[in-house]
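Asker: Just need the structure, nothing else, for what follows:
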Amino acid sequence: MLTTEEAKALLGGARKELPDSPQTPEEILKAMEAAANNYYREAIATNCHTFIEFTGLMNEYIKICERNLKQGIDFTKSSVHCPGEPKLKIEDWELEYISDKLRCIFPDLKLVKETGEDDG
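Answerer: A predicted model of the protein is given here:
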């Protein structure tokens, strides 16, 4: 097992927030789609169904981000790490899909409701 210091050295230092990006949200969405496609190709090679399922989560997140962007919500700043910014609007059917994927990956996972506290 790695120590905290070994992990920091391996990851290039202490955790840092992403710098402001010169990319537009539309360009970021295209990059996210390319990353998900690359992940899928690599995941297929593992021959591990549950590992491949993460692609579905990524693609659903991309669709949610795309829809929210059309509604004027900047998904690049929608996170518990960005207090005061709007949260992503997620439809009930999207939550169901995400829950189904998570149950496939982690069958005993107990999903909890948001407490309103920043746990990040």
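
Asker: just wondering, since we're on the closest residue to residue 109 other than its chain neighbours, how far is it from residue 37?
Answerer: Spatial nearest neighbour of residue 109, excluding adjacent residues (Cβ to Cβ, 6 or more residues apart in numbering): residue 102 at 5.6 Å. To be clear about C-beta, it is placed using only N, CA and C from the backbone, and glycine gets the same treatment. Distance, residue 102 to residue 37, by Cβ to Cβ, to the nearest Å: 21 Å.

Asker: now do residue 68
Answerer: To residue 37, residue 68 is 21 Å away according to Cβ to Cβ.

Asker: Residue 67 too?
Answerer: 19 Å.

Asker: Pick out whichever of those two has more residues nearby.
Answerer: Per other Cβ atoms under 10 Å, whichever of residue 67 and residue 37 has more neighbours is residue 67, with 16 against 13.

Asker: number of nearby residues for residue 68?
Answerer: When neighbours are counted by other Cβ under 10 Å, residue 68 registers 19.

Asker: and it, what is it in contact with?
Answerer: For residue 68, the contacting residues are 75, 78, 88-89, by Cβ atoms under 8 Å, 6 or more residues apart in numbering.

Asker: So among those, where is pLDDT lowest?
Answerer: Lowest pLDDT within the contacts of residue 68 is found at residue 78 (86).

Asker: got the contact list for that residue?
Answerer: 68, 85-88.

Asker: ditto for residue 56
Answerer: So residue 56 contacts 97, 101 (Cβ under 8 Å, 6+ apart).

Asker: where does this structure dip in pLDDT?
Answerer: Applying pLDDT under 70 to the chain flags the ranges 1-21, 112-120.

Asker: Do a quick rundown of the helices in it.
Answerer: Assigned by DSSP state H, the chain shows helices spanning 4-10, 25-46, 49-52, 54-70, 92-105.

Asker: Out of those helices, which is the most enclosed?
Answerer: Burial of the helices of the chain is given as mean neighbour count (mean count of other Cβ atoms under 10 Å); helix 54-70 ranks first at a mean of 17.

Asker: Distance from that one to the middle of the chain?
Answerer: Centroid separation between helix 54-70 and its chain, computed with Cα atoms, centre = their mean, to the nearest Å, is 9 Å.
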